[in-house]
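Trainee: Let's see this in three dimensions:
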Amino acid sequence: MRAHMVICLSTCTFLPIAIAAASPSSDETTSGDAADLIRRVEENNRHARERRESFDYRLSITKEHLDANGAVERSSHEVRRVSARNRETFSVESAGGKGGGRQRAQFKEVGDFATMLPRYVWTFAGEDTLNAEPCRLVRYHPKPNLPYASREEKIMNNTGGTLWISKTQEQVVRNRAALVHPVSVAWFLATVEHIEFDYVAQRLPNGDWGPASLEYEFRVRIPFGLLRERERREMDEYASAGTRRD
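Mentor: Prediction:
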């Protein structure tokens, strides 16, 4: 899965500068070694994703529409069983669009590591243990003046974060990131003011690390209004495709 808006649900990618839950070590370094590690992670994650396509899983989605102060105005919840072959999209909905109706814009998944690698500066930032798994921390921030072909790429080009990478398997265990500064997009003359997301993996039945949860919140400024939403997705009950679960 990948983020979204600009989010990288399966391994990553979306979206103030990088957020890190663990303190960086005193010997934090920037070198080609971090990029070399990410190249290996990209290959490992690609193979893990291919293996994961043999599973389906239960997906629970809770979406909250917030007011300008962050209070919940309304919410929805759904649960469904999906195939790991599917790639999710994410949507932003506005009330009171032209004609009084609702308008919605969808954001595709983008930002697999093959796409991300040349766009970011990668930096080792110490070590941490997450879900009993020893991890290396790698921070990333975008290079300046990157080209883009879509609004998703434009947002991705302005996102920074921190990866927790398993030291033994070199797969992503967590990805936490945020928009580094507001981004204007050609949608409702909108400015994306804030996006942050937190992806956490779990150990799958085949031993790989795969999606456990993804939580994100965003704030979009539109003419005469503000859109603010928070969504949490939880993935569990992984089983071989076609296996019925009660």
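Trainee: Listing request: residues of this structure with sub-threshold pLDDT.
Mentor: 1-31, 86-113, 186-188, 242-246 (pLDDT under 70).
Trainee: which one's the longest strand in it?
Mentor: Once the chain is assigned using DSSP state E, the strand that runs over the most residues is strand 225-240.
Trainee: What strands line up against it, and which way round?
Mentor: Sheet pairing here is set by DSSP bridges, and for strand 225-240 it gives strand 55-66 (antiparallel), strand 209-222 (antiparallel).
Trainee: of all those strands, which lies closest to residue 185?
Mentor: Of all those, strand 209-222 sits nearest to residue 185, with 8.3 Å by CB to CB. Yep, even glycine has a C-beta here, placed from its N, CA and C like the rest.
Trainee: so how far is the closest one from its chain's centroid?
Mentor: Mean C-alpha position of strand 209-222 versus that of the full chain (CA atoms, centre = their mean, to the nearest Å) differs by 6 Å.
Trainee: picking that back up, okay, the strands paired with strand 225-240 in a markdown table with mean neighbour count and distance to residue 183 next?
Mentor: A markdown table is the format used below for the strands paired with strand 225-240 (neighbours: other CB atoms under 10 Å; distance: least, CB to CB, whole Å):
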| stretch | mean neighbour count | distance to residue 183 |
| --- | --- | --- |
| strand 55-66 | 18 | 20 |
| strand 209-222 | 22 | 10 |
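Trainee: hmm, who's touching the longest helix anywhere in the chain?
Mentor: When the chain is parsed with DSSP state H, its longest helix is helix 32-52. Helix 32-52 is contacted from outside by 10-11, 84, 112-114, 116-117, 122-124, 136, 138, 163, 165, 169-172, 204, 206, 208-210, using CB atoms under 8 Å, 6 or more residues apart in numbering.
Trainee: what's across from residue 201 in the sheet?
Mentor: Note on residue 201: beta-bridge partners residue 211, judged by DSSP bridges.
Trainee: What of residue 79?
Mentor: Assessed by DSSP bridges, residue 79 has beta-bridge partners residue 60.
Trainee: ok, which stretches of the protein are helices?
Mentor: For the chain, applying DSSP H gives helices covering 32-52, 113-116, 151-156.
Trainee: among the ones you listed, which is the most enclosed?
Mentor: The highest average neighbour count among these, using mean count of other CB atoms under 10 Å, belongs to helix 151-156 at a mean of 23.
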